[in-house]
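[1] using only what follows, build the 3D model:
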Amino acid sequence: RLLAVVRDDAATLWVEPTLHRLRQLLLGRSLLELALISLHSIFADYTSTKFGWGARANGMAMAYSGLLSIVADLVVLPSLYNRRVLSELQMGAGSYFIEYN
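    Presented below is the predicted three-dimensional model:
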């Protein structure tokens, strides 16, 4: 019963005309996540085949990638936000495609 109520509410929200921009953002975010998951899933196979890396080298590369991701989230993004570069980027090409397409 609860599942049916949640499903009906989700269907109502999905067709709500005022949420068109939100649906576009969710679609874009979903495609971005799919691309990232695809990259992570084939990384070890690609580097093993192309460069002959073993499990240790692949693990070190993935750990380094994770460390850079943490640094970007904790250092780079806040500094861009404080300099108002991040808000200016949001008003650039991304908002154009959401607003006018």
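
[2] tell me the pLDDT at Ser79?
    Per-residue confidence (pLDDT) for Ser79: 79.

[3] now for it, how many residues are close by?
    Applying other CB atoms under 10 Å, we find 11 residues neighbouring Ser79. Yep, even glycine has a C-beta here, placed from its N, CA and C like the rest.

[4] same check on Arg23?
    Neighbours around Arg23, by other CB under 10 Å: 13.

[5] what's the least confident helix or strand in this protein, going by average pLDDT?
    Within the chain, no helix or strand scores below helix 95-100, which has a mean of 49 by mean pLDDT, DSSP states H and E.

[6] mean confidence (pLDDT) on whichever strand or helix holds Tyr64, please.
    According to DSSP states H and E, Tyr64 maps onto helix 55-71. For helix 55-71, mean pLDDT is 91.

[7] can you check stretch 30-49 too?
    Stretch 30-49 comes out at a mean pLDDT of 90.

[8] before we move on, back to that, so after the helix holding Tyr64, what's the next helix or strand?
    Using DSSP H and E, the helix or strand that follows helix 55-71 in sequence is helix 77-82.

[9] which elements pack onto that next one?
    In terms of contacts (3 or more CB pairs under 8 Å, 6 or more residues apart in numbering; DSSP states H and E), helix 77-82 is packed against helix 85-89.
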